[in-house]
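J.: Sequence plus predicted model, see below.
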Amino acid sequence: MAKMIPVPSNSIIPERDLDKKPILETCHLGIDFGGLTAVDDFTLTVGRTEIAGLIGPNGAGKTTVFNLLTNVYQPTRGTIMLDGVSTAKKTVAQVSRMGIARTFQNIRLFSNMSVIDNVKVGLHNSIDQSLFSAITHCFGYRKSEKKSREEALELLDFFSMADWADFQAGSLPYGAQRRLEIVRALATHPGIILLDEPAAGMNPSETAELMDNIRKIRDTFHIAVMLIEHDMNLVMNICEGICVLDHGKVIAKGTPDEIKTNPKVIEAYLGKKKEA
Amino acid sequence: MSKIGNKIKNLNKFTLTNIKAYSIVIIAFIILFPLNSRGMISNSMSGLLVPICTYIVMAISLNLTVGFLGELSLGHAGFMSVGAFVGVIAASCFQDIIVSDVLRLIVSIIFGGFFAGIAGFIIGIPVLRLRGDYLAIVTLAFGEIIKNIINCLYVGIDAAGLHMGMTSIEALGMTNGRIIINGPQGAVGITKLSSFTAGVILILFTLFVVLNLVNSKTGRAVTAIRDNAIAAESVGIGITRYKLTAFIVSAVLAGMAGALYAMNFSSIVAKKFDFNTSILILVFVVLGGMGNIVGSIIATAVLYILPELLREFSDYRMLIYAIVLILVMLITNSEKTKQIKEQILLKLSRNKNKQRQEE
Ligand SMILES: Nc1ncnc2c1ncn2[C@@H]1O[C@H](COP(=O)(O)OP(=O)(O)OP(=O)(O)O)[C@@H](O)[C@H]1O
Ligand SMILES: [Mg+2]
């Protein structure tokens, strides 16, 4: 059944999702901050239901790549195609509506709002409610609120957080805050979700749960996941394709096994880690 | 779960706040209305009823900008001013067309709100795109500019229609018409249309709009922007659009309050709505608590009446006023009192549980 589409050579794992267009393609992406080239020649393709890892030493430019993909930074060079559409000259909000969602390295929740309201804000663009019905609480207000509440609870339940729905987001334990950020991102109905160090600050049991959850996200929502992570165990376990960044440049791409044995990676990354 | 449940704040109290806000206003009305109509309130106090109502509306609407949107506005009285003078002009224009006083008041208030909304739109469009405290500076300037424009505005009406000018009444070239706004003397010959009842209804309307808005898709977007603009943008919320919406709603309500206020007097000058008035309203909001609507109502009522009550102490008036300000601030905003309040609530609920078990 699979259509014969030439395998994109940039793909980390070319054998996945052959019958579909990739969800994300970047081409020679680069950005300079003044004299500093933070990211250079970043070319990558992520398949529709791929779990991809982006690793590299501190300051390699990983978060900067996420900021480029979500248009927080305008690239100095190169292009980004999201689901076949260029994201050039779009605002951050517009790019989000095009199907890319993210979490942040340092958690950015709406900490004074309730857990469920955080998720409802994520659902924002799928809630059909005019300003008039918002002010009058009539004309479809009840229906749209009920629908968004149900969907938000369903999403929270999926990550076993429904019991916390009415608690203040900022008062949740750390691990739960990270999870809530993922739920909020998923609520935007993305085609790809970017996770910036989702396991940071988590204990081993929380990390194991996170790994299950990431697989569950892909298998249930059929979306791509791209994650930045320093926990090598997690990355090697769940990522199907890995891209290694050092000093803003891609130094290796491949499957976990290929990356583990790549001498360049060992030198740039694992070697450095041993030193530390 | 239960252990964590005790530590984590439960926020499911939105309906309770709503009920509290509405009932405070309605109960106050039920008590004060008969007293006022039977002349059991002193003249000076009775004269304060409509102004208190307008200032409560001002505080609630400013709380939408400052408390929920998280933007500082230093020119809220400017919108009140626009509403007041547009309202007076509208009431004057419709004097012969709309016979019913109540209807004329409603139409004037709507006009006042509408034009204040336009002013909010014109200010908001360029400023709310920017990040940072630009709004504070621009609204501050707006308040002063509006004051100065109205100070040299001459408006009159005659058989030919409305006349406007910036030089003098004579320059309008009216033939035995009526003067509505006479430059530095402000609006003159206003027919008193406002009443305590109208004021309370406007408060209820404001509560309806603000409380509903806060608990809606738009309100959540606005609060999300305040809490974390970067995150709000990342989930696809257009920041400028929602900031503008909240700001305009706030301006419209202020304009309506202005119209009501102006039509409580026979004449009114633009100087009434200067920087000091803006700051006074901001003080009400800050002392009542950011984002706390019930707090805004109580703080406004108490702090507006207080100087009047303290008249007997003439010399110490401002001293006592300052002390009360500090006390209110300590009581409403400090962590300690919040803790004490929570402990009391916890004890109360425990007692209730005990009673239930005993039953
Ligand atoms: N807005 C900015 N202005 C100037 N320099 C920046 C900016 N953002 C990032 N950089 C620089 O770009 C480089 C890459 O930073 P980035 O945050 O992407 O690293 P990272 O790989 O995410 O590191 P970590 O693992 O510590 O999170 C750093 O040298 C940083 O100082
Ligand atoms: Mg980073």
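T.: Yep, that arrived. Ligands and ions are numbered 1, 2, ... in the order given.

J.: how about whichever residue of the stretch 101-250 of chain B sits closest to ligand 2, phi and psi?
T.: Ligand 2 sits closest to residue B:230 of the stretch 101-250 of chain B, with a gap of 14.6 Å, by C-beta to the ion. No exception for glycine: its C-beta is placed from N, CA and C like everyone else's. Phi and psi for residue B:230, reported as degrees, to the nearest 10, are phi -60, psi -40.

J.: For the residue lying closest to it once chain neighbours are set aside, give its distance to residue B:204.
T.: Among residues not flanking residue B:230 along the chain, residue A:108 sits closest, at 6.1 Å (C-beta to C-beta, 6 or more residues apart in numbering or on different chains). Distance, residue A:108 to residue B:204, using C-beta to C-beta, to the nearest Å: 37 Å.

J.: Name the nearest residue to residue A:128, sequence neighbours excluded.
T.: Counting by C-beta to C-beta, 6+ apart, the nearest residue to residue A:128 once its immediate chain neighbours are dropped is residue A:144, at 5.5 Å.

J.: residues contacting the residue nearest to residue B:230?
T.: A:181, B:228, B:230-231, B:234 (C-beta atoms under 8 Å, 6 or more residues apart in numbering or on different chains).

J.: which one of the residues you listed has the most neighbours?
T.: Of all the contacts of residue A:108, the most densely surrounded is residue B:234 (27 neighbours; neighbours counted as other C-beta atoms under 10 Å in any protein chain shown).

J.: Tell me if I'm right that the residue nearest to residue A:128 and residue A:151 touch.
T.: No: using C-beta atoms under 8 Å, residue A:144 makes no contact with residue A:151, being 10.7 Å away.

J.: check whether stretch A:43-54 contacts ligand 2.
T.: No: judged by C-beta under 5 Å from the ion, stretch A:43-54 stays clear of ligand 2, getting no closer than 9.7 Å.

J.: measure that stretch end to end?
T.: End-to-end distance for stretch A:43-54: 12 Å, by C-alpha to C-alpha, to the nearest Å.

J.: So is that stretch next to ligand 1?
T.: No: under the criterion of C-beta under 6 Å from any ligand atom, ligand 1 is not reached by stretch A:43-54; the shortest gap measures 8.6 Å.

J.: can you count the residues close to the residue of the stretch 101-250 of chain A found nearest ligand 1?
T.: Closest approach of the stretch 101-250 of chain A to ligand 1 (C-beta to the nearest ligand atom) occurs at residue A:105, with a separation of 5.6 Å. If you count neighbours by other C-beta under 10 Å, residue A:105 ends up with 14.

J.: need the contact list for it.
T.: Counted by C-beta under 8 Å, 6+ apart, residue A:105 has contacts A:63, A:196-197, A:200, A:228.

J.: do you know how far the residue nearest to residue B:230 is from residue A:226?
T.: Residue A:108 is 18 Å from residue A:226, where distance means C-beta to C-beta.

J.: again, but for residue B:263
T.: 61 Å.

J.: and what of residue B:188?
T.: Separation of residue B:188 from residue A:226 (C-beta to C-beta): 69 Å.

J.: cool, and residue B:219?
T.: The gap separating residue B:219 from residue A:226 is 33 Å, by C-beta to C-beta.

J.: Tell me which of these two has more neighbours.
T.: Per other C-beta under 10 Å, whichever of residue B:219 and residue A:226 has more neighbours is residue A:226, with 26 against 22.

J.: Could you tell me the backbone phi and psi angles at that one?
T.: Residue torsions, per degrees, to the nearest 10, at residue A:226 are phi -130, psi 130.

J.: Near the nearest residue to it once chain neighbours are set aside, how many other residues are there?
T.: Among residues not flanking residue A:226 along the chain, residue A:52 sits closest, at 4.6 Å (C-beta to C-beta, 6+ apart). If you count neighbours by other C-beta under 10 Å, residue A:52 ends up with 25.

J.: got the contact list for residue B:136?
T.: If you count contacts by C-beta under 8 Å, 6+ apart, residue B:136 has them with B:71-74.

J.: and it, that one's in a strand?
T.: No: per DSSP: H, G, I helix; E, B strand; the rest coil, residue B:136 lies outside any strand segment and is helix.

J.: quick one: pLDDT of it?
T.: Looking at residue B:136, its pLDDT reads 89.
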